[in-house]
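K.L.:
A predicted structure for the sequence below; I have some questions about it.
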Amino acid sequence: MSEESSGREPIGEDARIDALEERLKAAREREDERNRPQVKGVDANYRLGNRVLAELLGGIGGGALIGWVIDRFAGTAPWGLLVMMFFGIIVAFRNIIRISNRRPD
């Protein structure tokens, strides 16, 4: 076995390589920060989705409930239920369209 060196120096001894490693580390940290999901936007989208779902279910359910009450007291089953549920769907879609046309905060 010969004791000749391979001509390579250890990585940590060259100042240029150390500076390059520092720059790479800083670039990786910036990239990780840039790619991290923004919690504020995610929460806002989640709340908006819940609001749209609530409008849809509330419109249909509210219209059906009011229609059922009308049918119960007026004896017009099932027409009051159907008409009021139809109106509830129209109101729900109108509210959803109004929500979607609003500017983001």
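P.N.:
Everything's here; your move. Residues are numbered from 1 along each chain as shown.

K.L.:
Could you list the low-pLDDT ranges of this protein?
P.N.:
1-13, 37-41, 104-105 (pLDDT under 70).

K.L.:
Could I get the full set of helices for it?
P.N.:
15-35, 39-74, 79-100 (DSSP state H).

K.L.:
how much space between the most centrally placed residue in the chain and Trp68?
P.N.:
Nearest to the centroid of the C-alpha atoms of the chain, with distances taken as Cα atoms, centre = their mean, sits Asn45, at 3.8 Å. Between Asn45 and Trp68 the distance is 34 Å, computed by Cβ to Cβ, to the nearest Å. (Each C-beta comes from the backbone N, C-alpha and C, glycine too.)

K.L.:
what do you get for Ala92?
P.N.:
Counting by Cβ to Cβ - Ala92 and Trp68 are separated by 17 Å.

K.L.:
Then Val42?
P.N.:
As for Val42, its distance to Trp68 is 38 Å (criterion: Cβ to Cβ).

K.L.:
Ok, Ile90 next?
P.N.:
Remark: distance between Ile90 and Trp68 (Cβ to Cβ) = 18 Å.
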